[in-house]
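S.K.: Build me a structure from this.
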Amino acid sequence: MKPMGQWIGEGWKFGRHNMKAGTEKKEPQIVLRGGKPSAVILDIDVYQEILERLEDIEDLQMLTRMREKPLSFRKLDSFLEEFPRRV
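M.R.: Presented below is the predicted three-dimensional model:
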């Protein structure tokens, strides 16, 4: 695989775009080792959005599992015996 960028002076050059140290960039940056991609540098906002989406997927999977089980109800007195008030 051909390297996607090259080091020039103070930063990396990616095609027409230059990324100097300390500048914000929304596009992911690919780190190459031995000419092969080994890591990706993401903008923190993009990374946090990915984490939120993963959490949403986990929540939906848990909800799907919960819906597969039949609902069961019990009397309030029974519940309060198991979980007494702490106030």
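
S.K.: low-confidence ranges in this structure?
M.R.: Low-confidence segments of the chain (pLDDT under 70): 1-25, 87.

S.K.: those helices in it, which residues are they?
M.R.: 44-68, 76-82 (DSSP state H).

S.K.: Would you mind listing the outside residues contacting the first one?
M.R.: When contacts are defined by C-beta atoms under 8 Å, 6 or more residues apart in numbering, helix 44-68 is touched by residues 26, 28, 42. All C-beta spots, glycine's among them, are computed from the backbone N, C-alpha and C.

S.K.: gap between the most centrally placed residue in the chain and residue 44?
M.R.: Centroid-nearest residue in the chain: residue 51, 2.4 Å away (criterion: C-alpha atoms, centre = their mean). Distance from residue 51 to residue 44, counting by C-beta to C-beta, to the nearest Å: 10 Å.

S.K.: can you check residue 75 too?
M.R.: For residue 75, the distance to residue 44 - C-beta to C-beta - is 50 Å.

S.K.: can you check residue 73 too?
M.R.: Residue 73 is 45 Å from residue 44, by C-beta to C-beta.

S.K.: Could you do residue 33 as well?
M.R.: Distance from residue 33 to residue 44, by C-beta to C-beta: 23 Å.

S.K.: And for residue 64?
M.R.: 31 Å.

S.K.: same check, this time on residue 36
M.R.: 25 Å.

S.K.: Quick check: most distant residue from the centroid of the chain.
M.R.: residue 77 (42.4 Å).

S.K.: So this protein: which segments form each domain?
M.R.: As given by automatic domain parsing, the domain ranges for the chain are 6-43, 45-82.

S.K.: out of the helices of the chain, deepest packed?
M.R.: Ranked by mean neighbour count, the helices of the chain are led by helix 44-68 with a mean of 10 (mean count of other C-beta atoms under 10 Å).

S.K.: Return the member of the contacts of helix 44-68 nearest to residue 86.
M.R.: residue 42 (43.3 Å; C-beta to C-beta).
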